[in-house]
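>>> Let me see the structure of the following:
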Amino acid sequence: MTHEHHHDDATLEELRQALTREFWDERYGGSERVWSGKPNQRLVEQTADLTPGRACDIGCGEGADAIWLAEQGWDVTALDVSRVALDRTAQHAIERGVDRRVRVGEYDVLSDRPPRAPRRTKGFDLVSAHFMHVPREDFDDVYRRLAAAVAPGGRLLVVAHHPDDVETGARESHGRGLMFPPEQVLAALGVEGGASDDWEPEVVDAPVREQQMPDGPMQVRDTVVRLRRR
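Just a heads-up that it's a prediction; the model follows:
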């Protein structure tokens, strides 16, 4: 997950460098825990009405979302570019007693093929990508590959920082083109006019929530898109 702040004048190569294994191994290796260990609020909200099945958590980090999904009955493939993050996910799954429901694997969103679902299946029932901010030049290809891993009848769930947060001062810019509105996901997948032959939009929203910042609580806006493959 690309949560680091970048300058808007960063080059494309610099933005892509922040998605590499080396970058994130160093990031995770510098601290015993980087994230809170709690599942993302939007994941909890958007899966409340779904029947557990096979899930793929893209950019799983230290495993909070993957482990929470497993505790709800999902069989989870947790993918990340960082080996350090994957080792932590696997260890945390053991500690929470859900290691049989969580398998980890290395995945580079910029170059790897669509994530592979368990054998003898047609894809994942849920592909979840939270705060997967990639350069605009790579965006369409990345999200099309993630969408390709969704089984018929399954869901693609995308949650991200909304660019409005830069205008309101809630966040610094993540860099040129990295933050995006819901419409950008729809455009990448060819969902126009509210639907397509392949996808049925179930949630297309930009809700506000309160987040604790160093200077206190602040209102932030999320991009939230949930699509069902027909």
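>>> all contacts plus neighbour counts: C-alpha atoms, from now on.
OK.
>>> Keeping just the C-alphas, turn the lowest-mean-pLDDT helix or strand in the chain into CSV.
For the chain, counting by mean pLDDT, DSSP states H and E, helix 164-168 ranks last in confidence among helices and strands (a mean of 86). The C-alpha coordinates for helix 164-168 follow below in CSV (Å, rounded to 0.1, in the frame of the first residue of the first chain):
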residue,chain,number,x,y,z
ASP,A,164,-10.6,16.4,-2.1
ASP,A,165,-8.5,15.8,1.0
VAL,A,166,-5.7,17.8,-0.6
GLU,A,167,-8.0,20.7,-1.2
THR,A,168,-9.4,20.7,2.3
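>>> Flag every buried residue along the very next helix or strand once past it.
As assigned by DSSP states H and E, the chain's next helix or strand after helix 164-168 is helix 182-188. By 16 or more other CA atoms under 10 Å, the buried positions in helix 182-188 come out as 182, 184-186.
>>> As a markdown table, the residues you listed with distance to Tyr107 and pLDDT would be great.
Below are the buried residues of helix 182-188 laid out as a markdown table (distance: CA to CA, whole Å; pLDDT from 0 to 100):
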| residue | distance to Tyr107 | pLDDT |
| --- | --- | --- |
| Pro182 | 24 | 97 |
| Gln184 | 23 | 97 |
| Val185 | 20 | 98 |
| Leu186 | 23 | 97 |
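>>> can you list the residues you listed in CSV and add distance to Asp57?
Below are those laid out as CSV (distance: CA to CA, whole Å):
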residue, distance to Asp57
Pro182, 19
Gln184, 20
Val185, 17
Leu186, 20
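>>> Just give me the closest of those residues to Val224.
The closest of the buried residues of helix 182-188 to Val224 turns out to be Pro182 (CA to CA; 6.3 Å).
>>> So which elements touch the top strand by length along the chain?
Criterion DSSP state E: the longest strand present in the chain is strand 216-229. In terms of contacts (3 or more CA pairs under 8 Å, 6 or more residues apart in numbering; DSSP states H and E), strand 216-229 is packed against strand 150-161, helix 164-168, helix 182-188, strand 199-205, strand 208-213.
>>> Now do that strand and strand 208-213, the angle between them.
For strand 216-229 against strand 208-213, the angle by axes from the mean of the first three to the mean of the last three CA atoms, to 10 degrees is 130 degrees.
>>> Let me see the mean pLDDT of strand 216-229.
Here strand 216-229 scores 95 as its mean pLDDT.
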